[in-house]
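Got a sequence here, can you model it:
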Amino acid sequence: MPKSSKKEAKKPTHQQKIADLVKQVAHYKKELDFFRTRLASFSDYNPRPITEVDFKGNVLYINPQTRENFPDLKKRGMKHPYFAGLKSILSDIKKRRKGISREIKIGNVWWRQNIHYIPLFNVVRIFGLNITENKNLEQSMRESEARYHMLFEKMNYGYALQDIIFDEKGKPVDYKFIDVNPAFEKLTKMKKEMILGKTANQIARNPETPESIATRKKYDQVAVTGKPLYLENYNETTKKYFELYAYMPNKKQMALIFSDITDRKKTDEEKNNFISIMSHELRNPLTPIMANAQFLQRKDFTDPIAKEAIDIIEKQSRIMADLLNDILDVSRLSRRQITLKKSRINISDVIHGSVKSSMPFITTKQQDLSLLLSKRPVYLYADPLRLEQILVNVINNASKYTPPKGHISIQCQPKNGHVEIRVKDNGEGMSQDKISRIFDLFKGENQPFMGVGGLGIGLNLVKNLVQMHKGTVHVTSKGKGKGSEFIITLPIEATKSKSKKAELPEAGESKAPGEKTSRILVVDDNADIRNAISNILVHEGYQVKSTHDGSAAIKISKTFKPHTALIDIGLPGISGYKVAKILREQHDSKDRKIKLIAFTGYGQEKDKQRAKEAGFDVHLTKPLNIDHLMRYLT
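As a prediction, the model looks like this:
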């Protein structure tokens, strides 16, 4: 055999193989130690509790955060609540070689444990996390949802949640119902299954009306602007009144809350009717008192005591009449039935008229009044009668709470496109607490304050009427005994009054004088009123006939041929409206036209309109001011 050119490599001996294996183990041990060191470093500085256990349940490692939360964990081992039920979990992990996650509660603290199997070391690592805050939040949400669900299901208010359907231009075109409560079903008389998933247009049951179209436009504006909507609506299908509140809980949904207010409406109507009837009944006895007092004031009395007594009767009667008017106005305001009759007016004229009306109060207390008005005319587009009502209430209030021989000043000047009216006194003054409640209808503490007559309604009317004129009113005072100042701000508008339908003149308004009246027919079923008015007219030089019912009035007028008829509305038998129509037919001609004056305790807008339709020329509300009556008769 030929010899090999190279020597054959020697095979490693058994000792060499062992040595190489030892070197490899040392290398892997070094790498493992390095890994353990890095893992320990990560665990030591981790803000969450980290523990390490073997499959026998021995605790191999806990980090500082674990020691801080559970100081006795290592000592108690598997008996510690943090490891509750862990033995069975370790057994399961050993079989499946897969970790799990669980939540446990220790005392009032909740922990989430992420339990991982580490094959390299054949151990289990447990990473803890305090989730108490989240758990409490979840519990609060569950309780809130339960309360909401109970409220949603049990409340008497109808509730609906809708998805807003927009067109390609972003305009709301319909609303799809996604949830309604039982009250909604009851109020609308529609079952839930008939509503959900359908749109408002799909379930609409009535043909469109101008009112429904206007309501839908307001509803659409909520979806466009995001501003909530409140309105009251009458449903023709159910014959009920509803109040409705719509708002957007988010940008894509509309929430609707509504309730049946039919009973409330009926109660309010009954209350307002009661107030109206009571006002009428109180005006009847007040009318002869005031009329006779004004009649006696026209006489020359040498006895100063008698003259003072008559003045007191007349003044107090007028106060009572003003209070009745205020009570009715509060009722009308609550029903939004007051309408302003605006025209272009000089504010100085209104102030002078208001001062004249308030002078009896001021003179009685010998108070000093000063006026400082703008030298140039300041014109407003406003209701002159309502402005006078505002100012009379404020001036009378100043007089009431200013001592005898005190001082009241009224200033009126234009300012930044507005007119500012200041009524200042050196009277009682008021605290900040009273100022905060001064314009409330009835003040707290069961003790009304302010307002003419002490009812506390005059200043509430002032506030509402000023706001209806788009103005503001507020009051200032430096404290008790330091006087008060009411500041009214109204916009100056150059807008001229638009042409309006002919309206009946009211007390206080003046019309162009017509033919001199000589024969007057007085028709009223109240003998005291009838006799008082008749006596005054006779004293003024008129020919007067009077009667208590409509049938007699028609009969008398055929021979008496009155120039003017002063007719009460609520007559027995034939109403004043019918009497007016018949007298108009009997006595109107090309050459002569009878003047018909409605003389009644009912003074609402509907009463004036009905009087106009019956043919009356003038509507006077009891109690009668003699000066106003004379103005219409000449």
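
how distant is the biggest helix by length in the chain from the center of its chain?
Longest helix in the chain by number of residues (criterion: DSSP state H): helix 262-297. Centroid separation for helix 262-297 versus its chain: 28 Å, with Cα atoms, centre = their mean, to the nearest Å.

Report the buried residues of it.
For helix 262-297, the neighbour count (16 or more other Cβ atoms under 10 Å) marks 265, 272, 275-276, 279-280, 282-284, 286-296 as buried. Any C-beta I mention is one placed from the backbone N, CA and C, and that applies to glycine too.

cool, and stretch 296-308?
Buried residues in stretch 296-308 (16+ other Cβ under 10 Å): Leu296.

likewise stretch 216-233?
Neighbour counts over stretch 216-233 (16+ other Cβ under 10 Å) mark 216, 219-220, 222-223, 229 as buried.

what ranges do the strands span in the stretch 301-450 of the chain?
343-346, 368-373, 379-382, 407-415, 418-425 (DSSP state E, counting those that start in this stretch).

what comes into contact with stretch 411-421?
The contact list for stretch 411-421 (Cβ atoms under 8 Å, 6 or more residues apart in numbering) reads 347-348, 351, 371-374, 376, 378, 380, 391, 410, 422, 424, 471, 487-492.

Just the CA trace of that stretch, in PDB.
In PDB, the C-alpha atoms belonging to stretch 411-421 read as follows (Å, rounded to 0.1, in the frame of the first residue of the first chain):
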ATOM      1  CA  GLN A 411     -83.300 111.800  33.900                       C
ATOM      2  CA  CYS A 412     -83.600 110.800  30.300                       C
ATOM      3  CA  GLN A 413     -80.700 111.000  27.900                       C
ATOM      4  CA  PRO A 414     -79.700 109.300  24.600                       C
ATOM      5  CA  LYS A 415     -76.600 107.000  24.900                       C
ATOM      6  CA  ASN A 416     -75.000 104.800  22.300                       C
ATOM      7  CA  GLY A 417     -78.100 104.200  20.100                       C
ATOM      8  CA  HIS A 418     -80.300 103.800  23.200                       C
ATOM      9  CA  VAL A 419     -82.200 106.100  25.500                       C
ATOM     10  CA  GLU A 420     -81.400 105.800  29.200                       C
ATOM     11  CA  ILE A 421     -84.100 106.600  31.800                       C
END
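
re the thing from before, I'd like the strands of the stretch 301-450 of the chain as a markdown table, with distance to Lys612 appended.
A markdown table is the format used below for those (distance: least, Cβ to Cβ, whole Å):
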| stretch | distance to Lys612 |
| --- | --- |
| strand 343-346 | 19 |
| strand 368-373 | 36 |
| strand 379-382 | 23 |
| strand 407-415 | 35 |
| strand 418-425 | 33 |
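
could those strands be laid out in JSON lines, adding mean neighbour count, distance to Asp568 and mean pLDDT?
Shown next, in JSON lines, are the strands of the stretch 301-450 of the chain (neighbours: other Cβ atoms under 10 Å; distance: least, Cβ to Cβ, whole Å; pLDDT from 0 to 100):
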{"stretch": "strand 343-346", "mean neighbour count": "15", "distance to Asp568": "30", "mean pLDDT": "90"}
{"stretch": "strand 368-373", "mean neighbour count": "13", "distance to Asp568": "38", "mean pLDDT": "92"}
{"stretch": "strand 379-382", "mean neighbour count": "22", "distance to Asp568": "33", "mean pLDDT": "91"}
{"stretch": "strand 407-415", "mean neighbour count": "17", "distance to Asp568": "39", "mean pLDDT": "93"}
{"stretch": "strand 418-425", "mean neighbour count": "21", "distance to Asp568": "38", "mean pLDDT": "94"}
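
In the stretch 151-300 of the chain, what residue spans correspond to strands?
Applying DSSP E, counting those that start in this stretch to the stretch 151-300 of the chain gives strands spanning 158-166, 172-180, 229-235, 240-250, 253-260.

Nearest to Glu314 among the ones you listed would be which one?
Checking these against Glu314 by Cβ to Cβ gives strand 229-235 as the closest, at 42.9 Å.

Packing partners of that closest one?
helix 210-225, strand 240-250 (3 or more Cβ pairs under 8 Å, 6 or more residues apart in numbering; DSSP states H and E).

so what does the longest one touch, helix or strand wise?
It stands for helix 210-225. strand 172-180, strand 229-235, strand 240-250, strand 253-260.

Quick one: closest of those strands to Ile597.
With Cβ to Cβ as the measure, strand 229-235 is the member of the helices and strands packed on helix 210-225 nearest Ile597 (36.7 Å).

strands paired with the closest one, and their directions?
According to DSSP bridges, strand 229-235 forms sheet pairs with strand 240-250 (antiparallel).

Would you mind pulling the contact partners of the strand it pairs with?
Applying Cβ under 8 Å, 6+ apart, the set of residues contacting strand 240-250 from outside is 161, 164, 187, 219, 222-223, 226, 228-235, 254-262, 264-265.

low pLDDT regions in the stretch 201-350 of the chain?
For the stretch 201-350 of the chain, the stretches with pLDDT under 70 are 205, 280, 330-337.

Disregarding flanking residues, what is the spatial nearest neighbour of the residue nearest the centre of the chain?
Nearest to the mean C-alpha position of the chain, by Cα atoms, centre = their mean, lies Tyr230 at 8.8 Å. Of all residues not flanking Tyr230 in the chain, Tyr245 sits nearest, at 5.3 Å (Cβ to Cβ, 6 or more residues apart in numbering).
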